[in-house]
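**Q** here is my input, please return the structure:
(one chain, ligands or ions: 1)
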Amino acid sequence: MNFPVTTRRPLEGEHFQVVVIGGGINGVAIARECARAGRRTLLVEQHDFAAGSTSRSTRMIHGGLRYLEHGEIGLVRESLRERQRLLRQRPHLVHPVNFLLALDSRSRRSALSIRAGLWLYRGLGGKPLGANGSKADEYKLERVLDSGRRWSLFSFEDAQCEFPERLVAEWLMEAVAAGAVVRNHTQVLAVDVFHGRAKGVLLHDRLSGKEDRVEANWIINATGPWVDRVCQRSRINTGRPMLGGVRGSHLVLPRFAGAPDSAVYTEATDGRPIFVIPWNDQVLVGTTEIPDNGDPAKVEPSTQETEYLLRSLLHLFPRARVSLHDIRYSFAGVRPLPFSPKSRPSEVSRKHYLHDHTSEGAAHMISVIGGKLTTAAELARQCVDKLGLRPRTSAGLATAPEENLDALLDGWVAEIADAGGIGAGSAQAIVEWHGGRSLAIAATAASSAKMRAPLCPHTQHIVAEAVDAFTHQCAVSLADVLLRRVPVALGGCWSETCSRDAAMRVGTVMGWSEHEAAVELEGLEMERTAFLRKPARIDLMLKAAAD
Ligand SMILES: Cc1cc2nc3c(=O)[nH]c(=O)nc-3n(C[C@H](O)[C@H](O)[C@H](O)COP(=O)(O)OP(=O)(O)OC[C@H]3O[C@@H](n4cnc5c(N)ncnc54)[C@H](O)[C@@H]3O)c2cc1C
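**A** Numbers count the residues shown, from 1 in each chain. The predicted structure follows:
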């Protein structure tokens, strides 16, 4: 069977009511909302959907406990409301997590202020989420904490979306279903501005090399940390930058002996907040806050950040026996925060706002500044409201019943296993990542043994998921598939050998020639090693050993 990968019709001369630039979580949410409001919408992404800051975040769906310290009650309330919505609408992707807040005796925060903050946070959050956490977790953590210090532990609930890439893929498919035209690997070279009004965009298709010009009634610049660059290229003078980029880095380690089952929120060696979170069967440690206005596509953790995060982890867990060598990979992203040159990065508000360019000679163009994964859907509703469109309320969207969710998911897994002729492990893995698309993937799996094969020997995820990503989820390269639609390459044991196995197995059913499979493999490896970085010193040692 041969699957066409890139059949993209030219867009030259087409007219759209809305063009959204940038396919991160905000752009995809806005495009979905505009398409649902019945507007002819084009979404353009220069790389792949969710490849920017969205896939480089800490992956929490949270109210932002620490924003309370800055008095941002409105932001916390909005975020908690969105957290609730996501938990109900995407229970396969967003789940409650128990957090333990661990503060040692040197903390500048008093136990009383923490208790008051948590009381308010719980009150604003409404009903308990039912995260799996217990006193046993607390005792377990107490046993592994540095016993030379006095620690106070407080527990609270929040949520996690382990794979925002998948959330974006689902919203993207909903945008397409509502009529949006979507293009990844297509860059907006400039916004066309005539007589004080944004009229369209010039596109460069990075796959075909072709340039197309399209017209639009409205342009939404949702390019996250690239937002000022789009304006500069379009000669829209905003006077001062709209954005102040702040880099955040993370380490990914294997689960070490004594690693807690709960997420831990604590203070780093310099008193800044950091998280140690169970993620993707590994441990995610993050993050940092370093002003960074360099090219967001080239962002990477510095040696100092890696050492800082590792030292902070060991400050908390001195017996963890983890060192630089244990770091599986590190990654960094740029927070697209509002320009605030006089504030420290941690003090800059995480609130989003919509910048209207009318007074700068580009009416009908709006730039999105800031935002979080948690609040992207609300930001999108506000954006269509600003365009004068009626946002669709979430009342019509399916939500999970609050009771018996586990039983419901178990039943769904059994149905998928049966329909696909696959084991329960693979069926569960498919349901967790693909939700409502699982049945279609199971039907593809049922068609042949090659479709049911695992993508590599260590994963339950199967070739049929990759094929569905190419045929129904707008993936155009193996890197799009294995890093974002079926993100197995973020797993702990993924290696170049796994990439090669996956390229071969997927290539066989996609009908790739040997050369095509080699090109796909090379693209995947280049992107994987640029994104998921081995800390510099380890790289040097590995290189020396190889020489
Ligand atoms: C370190 C870190 C930790 C975070 N942790 C959390 C968290 O735990 N919880 C939370 O809720 N939020 C978190 N955030 C915030 C959240 O991840 C971001 O605010 C959000 O992902 C921004 O989404 P976006 O769509 O605006 O930007 P992006 O995801 O960066 O998307 C913008 C897209 O625009 C594209 N683009 C740029 N220029 C062009 C062009 N000319 N033409 C076409 N496309 C273009 C880019 O390729 C990119 O894909 C974190 C962010 C960071 C960096």
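**Q** just for this structure, where's the confidence low?
**A** 1-7, 146-148, 391-404, 537-547 (pLDDT under 70).
**Q** tell me which stretches of the stretch 301-450 of the chain form helices.
**A** Taking DSSP state H, counting those that start in this stretch as the criterion, the stretch 301-450 of the chain carries its helices at 303-316, 376-386, 405-420, 424-434, 438-446, 449-452.
**Q** among the ones you listed, which comes closest to Arg59?
**A** The closest of the helices of the stretch 301-450 of the chain to Arg59 is helix 376-386. By Cβ to Cβ, the value is 13.2 Å. To be clear about C-beta, it is placed using only N, CA and C from the backbone, and glycine gets the same treatment.
**Q** ok, back up a step: and Ser134, which of the helices of the stretch 301-450 of the chain is closest to it?
**A** helix 405-420 (17.2 Å).
**Q** could you check the angle helix 424-434 makes with the closest one?
**A** Counting by axes from the mean of the first three to the mean of the last three Cα atoms, to 10 degrees, helix 405-420 lies at 110 degrees to helix 424-434.
**Q** next, work out how far apart Tyr308 and the ligand are.
**A** Going from Tyr308 to the ligand by Cβ to the nearest ligand atom, to the nearest Å gives 14 Å.
**Q** that residue touches Val285, doesn't it?
**A** No. Contact between Tyr308 and Val285 fails when scored by Cβ atoms under 8 Å: they sit 10.2 Å apart.
**Q** those two: who's more crowded?
**A** Taking other Cβ atoms under 10 Å, Tyr308 and Val285 do not tie; Val285 has more neighbours (26 against 21).
**Q** touching, the more buried one and Ile274? I think so.
**A** Yes. Here Val285 lies in contact with Ile274, judged by Cβ under 8 Å, at a distance of 6.9 Å.
**Q** who touches both of the two?
**A** Each of Leu309, Ser312 lies in contact with both Val285 and Ile274 under the rule Cβ atoms under 8 Å, 6 or more residues apart in numbering.
**Q** so which residues on the stretch 251-400 of the chain come close to the ligand?
**A** Thr287, Gly333, Val334, Arg335, Pro336, Val368, Gly371, Lys372, Leu373, Thr374 (Cβ under 6 Å from any ligand atom).
**Q** so who does the second one touch?
**A** By Cβ under 8 Å, 6+ apart, the residues touching Gly333 are Gly52, Ser53, Ser55, Arg56, Ser57, Arg247, Gly248, Pro296, Val299.
**Q** can you pick the most crowded of those?
**A** Gly52 (27 neighbours).
**Q** find the residue closest to that residue in space, skipping its chain neighbours.
**A** Nearest in space to Gly52, with sequence neighbours left out and distances taken as Cβ to Cβ, 6 or more residues apart in numbering, is Gly24 at 4.7 Å.
**Q** one more: Glu45?
**A** Gly23 (2.9 Å).
**Q** and that neighbour, how many neighbours?
**A** Neighbours around Gly23, by other Cβ under 10 Å: 30.
**Q** now do Gly179
**A** Gly179: 13 surrounding residues under other Cβ under 10 Å.
**Q** then Ser349?
**A** By other Cβ under 10 Å, 15 other residues sit near Ser349.
**Q** tell me who's in contact with it.
**A** Ser349 sits next to His70, Glu72, Leu75, Leu337, Pro338, Ser340, Gly370 when contact means Cβ under 8 Å, 6+ apart.
**Q** now, the residues you listed that are in strands?
**A** When the contacts of Ser349 are checked against strands (DSSP state E), the matches are Leu337, Pro338.
**Q** tell me which two in the contacts of Ser349 are the farthest apart.
**A** Spatial extent of the contacts of Ser349 (Cβ to Cβ) is set by the pair Leu75 and Ser340 at 15.0 Å.
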